[in-house]
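Asks: Pasting the sequence and the predicted coordinates here, then a few questions.
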Amino acid sequence: SKYLTAFFVWGAISSVFFFHILWVMKKVINEGKEGLSADAQKILSNIWVLFLVSWFLYPGAYLMPYLTGLDGFFFSEDGVMARQLTYTIADVCSKVIYGVLLGNLALKLSNNKEMVELSN
């Protein structure tokens, strides 16, 4: 059907940008580790893992209607709820948990007198 074709075409187009953003994020996180304490580097590594896991939930949720066939589970009411729950988990992980990790990183950096002096 034409809707299925459009679904996969837009999925493919968005995937190009999705992978590019992940590549840029990995590069920025790796560059950000330079000169940081081991604790701060570990937090940045955890942020990268969180990004990978939580961000891959989005394409998974996008593909859910077609994972079990055109008349599969994900076209039912329970399937719609499962898809929405997946998006919600991805949102909480990629925003709230990321914010907590970033806050911890800021605390580590602000407690490091050398980093504070470098920023002035």
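Replies: Received it, and whenever you're ready, just let me know what you need.
Asks: contacts, neighbours, all on C-alpha from now
Replies: Will do.
Asks: What residues sit buried inside the longest helix belonging to the chain?
Replies: Ranked by residue count, the top helix of the chain under DSSP state H comes out as helix 2-33. Of all the residues in helix 2-33, those buried under the rule 16 or more other CA atoms under 10 Å are 26, 29, 33.
Asks: dump the residue contacts of Leu101.
Replies: Residues in contact with Leu101 (CA atoms under 8 Å, 6 or more residues apart in numbering) are 43, 47.
Asks: 35 is where my numbering starts, stick with that
Replies: Fine by me, first position is 35 from now on; the one you just mentioned is Leu135.
Asks: CA atoms only: put whichever strand or helix holds it into CSV for me.
Replies: Applying DSSP states H and E as the criterion places Leu135 in helix 132-145. Extracted C-alpha coordinates of helix 132-145, given in CSV (Å, rounded to 0.1, in the frame of the first residue of the first chain):
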residue,chain,number,x,y,z
TYR,A,132,19.9,12.6,31.4
GLY,A,133,19.2,15.8,33.4
VAL,A,134,20.1,14.0,36.6
LEU,A,135,23.4,12.7,35.1
LEU,A,136,24.2,16.1,33.7
GLY,A,137,23.5,17.7,37.2
ASN,A,138,25.9,15.2,38.8
LEU,A,139,28.5,16.1,36.2
ALA,A,140,28.0,19.8,36.9
LEU,A,141,28.5,19.1,40.6
LYS,A,142,31.7,17.1,40.0
LEU,A,143,33.1,19.9,37.8
SER,A,144,32.1,22.7,40.2
ASN,A,145,33.8,20.8,43.1
